[in-house]
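Q: sequence isn't available, so here's the structure alone:
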Ligand code: HAM
């Protein structure tokens, strides 16, 4: 084993790419805030039983994929495979149900599942999730879905297919399970071992099997929407009416059953045709019985989680533009020990004033420092030597325009900020002039 090689299925985000994650994460939290969601932070591990009870004993996650271990006190704990169970546990533990409902919580978390790694499927991955706890209104289902749409819209992610379904309540599901059992029972010889195993425990999951033989067998299986009770049908009708009212396009896919046991009624997935087999970029649904399952009051709720790695794969495939990473505002290249001390003082003043400033920490030659400044994308550079120290003035070069401005060393930070604000205003004016717009009309003379 090479200790300089990371664990299989876990990814590093390198400095050259981290601005993408930072941009999508901050956008998501900002948008969620506008929908009334507040961030919740819960521990990365929980008692194993929380996931066994919450996610469900018949799921792949609980049966095969959890990172579970005994801590030194002999308690079984598990790295969270998803965020819903932990959020509902915190909601119950801290009495958030006593606050005005619904409680709207969101999170960006790492999750852990021991799955076979492939493109879009990792063992450590990240989710942006939102949970709306304490409402059974179909308006909430549409609102949660509209939050996902707003995120995709803001990030300019295209071509996602929103598929929705209702898997009913435990009552109407009993009749449906009986119909599925009858249907699959006569065809069971062709089923894969996993489906055979699931048949007795959770027959709906047979609709989810990716094996071509099982998919063919499941093709004509009874459809849940023909079996849901009046109340669930009415609820689903309400969800569709709200989605229509919001102008959100969707397709009804009665085969969506979801891989976690807590779901009831509405379930949905946002599917992409551009990222390979792991095509669900975001998924979610209602879990009206989960709080009760965990020992709390009945708390009808729903939510979703959006996989950050899959989203980034899709954005790369679509060549979605990202804002440029922040550049270094100014690089000061000192020559000699005294200049280095002066540069340290100036750079520190600049930083305290909010300017992204750097100076040499490696004893490089001026040439090497300029190369380094170029790598940093420094907007301004300055070489600080004995003669500049003597004159008390530092010539600062704008690396985009080539213009040089002399700034007194004494009040460098303040004067640099004035100068750079002035020169960006000049560039702005120039830009407007080139497109033949009268700047005074727009700004009422504010810049002139
Ligand atoms: P999930 O379908 O298991 O649902 O996961 C949600 C999303 O997480 C997936 O659509 C995918 O984008 C991402 N994801 C899942 N597993 C992996 C993996 N191994 N590698 C990379 N990305 C992955 C849940 O987790 C529910 N807690 C969603 C939810 C919240 N339902 C209600 N509230």
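A: Ah, there it is. Nothing here was measured: the structure is a model prediction, and the numbers come from that model.

Q: state the distance from the residue in the stretch 101-250 of the chain that the ligand sits nearest to to residue 231.
A: In the stretch 101-250 of the chain, the residue found nearest to the ligand is residue 125; the distance is 3.4 Å by Cβ to the nearest ligand atom. (Each C-beta comes from the backbone N, C-alpha and C, glycine too.) From residue 125 across to residue 231, the span is 36 Å (Cβ to Cβ, to the nearest Å).

Q: those two: who's more crowded?
A: Shown here are residue 125 and residue 231; by other Cβ atoms under 10 Å, residue 125 has more neighbours (22 against 14).

Q: which helix or strand contains that one?
A: strand 124-133 (DSSP states H and E).

Q: I'd like the next helix or strand past that strand.
A: helix 138-155.

Q: next, the angle strand 124-133 makes with that next one.
A: Angle of helix 138-155 versus strand 124-133, following axes from the mean of the first three to the mean of the last three Cα atoms, to 10 degrees, is 140 degrees.

Q: quick one: is helix 138-155 near the ligand?
A: No - figure legend: helix 138-155 not in contact with the ligand (Cβ under 6 Å from any ligand atom); closest approach 8.5 Å.

Q: gap between that helix and the chain center?
A: 14 Å (Cα atoms, centre = their mean, to the nearest Å).

Q: pLDDT of the helix or strand that it is followed by, averaged?
A: The first helix or strand that comes after helix 138-155 along the chain, using DSSP H and E, is strand 161-166. Mean pLDDT, computed over strand 161-166, is 98.

Q: what's in contact with strand 161-166?
A: With contact meaning Cβ atoms under 8 Å, 6 or more residues apart in numbering, strand 161-166 is reached by 145, 149, 224-225, 228, 232-233, 235-236, 239-240, 243, 248-257, 265-273.

Q: show me where the stretch 251-400 of the chain has its strands.
A: Using DSSP state E, counting those that start in this stretch, the strands of the stretch 251-400 of the chain run over 251-252, 264-271, 280-286, 301-307, 330-334, 357-359, 380-384, 393-398.

Q: between the ones you listed, which gets nearest to the ligand?
A: Of all the strands of the stretch 251-400 of the chain, strand 301-307 comes closest under Cβ to the nearest ligand atom, at 2.2 Å.

Q: mind listing what's buried in the host helix or strand of residue 239?
A: If you go by DSSP H and E, residue 239 is part of helix 230-245. Neighbour-count burial for helix 230-245 flags 232-233, 235-236, 238-240, 242-243 (criterion: 16 or more other Cβ atoms under 10 Å).

Q: what separates it from the chain centre, distance-wise?
A: 28 Å.

Q: got it, and stretch 240-254?
A: The answer for stretch 240-254 is 23 Å, by Cα atoms, centre = their mean.

Q: check stretch 274-283 too.
A: For stretch 274-283, the distance to the chain centre is 14 Å (Cα atoms, centre = their mean).

Q: what comes up buried for it?
A: Result for stretch 274-283 [16+ other Cβ under 10 Å]: buried residues 275, 278-283.

Q: is any residue of it near the ligand?
A: Yes - for stretch 274-283 and the ligand, the contact criterion (Cβ under 6 Å from any ligand atom) is met by 280-283.

Q: ok, stretch 294-309 next?
A: Yes - interface with the ligand: stretch 294-309 contributes 303-305, 307, 309 (Cβ under 6 Å from any ligand atom).

Q: filter those down to the buried ones, PyMOL style.
A: Typed into PyMOL, the line below selects the buried ones among those, using 16+ other Cβ under 10 Å:
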select buried, resi 303+304+305+307+309
